[in-house]
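Chemist: Got a predicted structure here, sequence first:
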Amino acid sequence: DVQLQASGGGLVQAGGSLRLSCAASGFNFAGHNIAWFRQAPGKAREGISCISSTDGNTYVAASVEGRFSISRDNAKNTVYLQMNSLKPEDTAVYYCNLAYRRWNKDYNYWGQGTLVTVSS
């Protein structure tokens, strides 16, 4: 079974840093793009970063560009989200996501989420 285990969240002061990890299992990790989303209280889930399986290309949303970066270690089946210069508005539950289409069927998997709280 596909499993995505997010970890690394916690309480941090504004301006601080955290590194989130997403440990994956149950599928060909190196062959898939992985994304990070977040959901703040009372708000819709927001896609914030994604990393390609093939060439390591990355995408970072404008709201976190210049502060967050994504990376992956295929040997460890893990994707990381490095978060620097954290702001109170970054407070959210952060989720990693695997989504792909195969044989005209969509597959979408979510980890359990890890809570990041940024105090002012």
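Modeler: Yes, it's here.

Chemist: hey, where'd the helices end up in this structure?
Modeler: Assigned by DSSP state H, the chain shows no helices.

Chemist: Show me the residue at the heart of it, geometrically.
Modeler: Central residue of the chain (C-alpha atoms, centre = their mean): W36, 2.4 Å from the mean position.

Chemist: Hmm, it is touching T58, no?
Modeler: No: assessed by C-beta atoms under 8 Å, W36 is found out of contact with T58, at 10.6 Å. In short, each C-beta sits where N, CA and C put it, glycine included.

Chemist: Mind listing the shared neighbours of those two?
Modeler: Common neighbours of W36 and T58, using C-beta atoms under 8 Å, 6 or more residues apart in numbering, are S49, C50, I70.

Chemist: Let me know the pLDDT of the closest residue to the last one other than its chain neighbours.
Modeler: So the one you mean is I70. Using C-beta to C-beta, 6 or more residues apart in numbering and skipping the chain neighbours, the partner closest in space to I70 is S49 (4.3 Å). We have a pLDDT of 97 for S49.

Chemist: Could you measure from the residue nearest to S63 when sequence neighbours are not counted over to Y94?
Modeler: Among residues not flanking S63 along the chain, I48 sits closest, at 7.0 Å (C-beta to C-beta, 6+ apart). Per C-beta to C-beta, to the nearest Å, I48 is found 8 Å from Y94.

Chemist: Need the overlap of contacts for the two.
Modeler: By C-beta under 8 Å, 6+ apart, the residues touching both I48 and Y94 are W36, F37, R38, L81.

Chemist: Lovely, talk soon.
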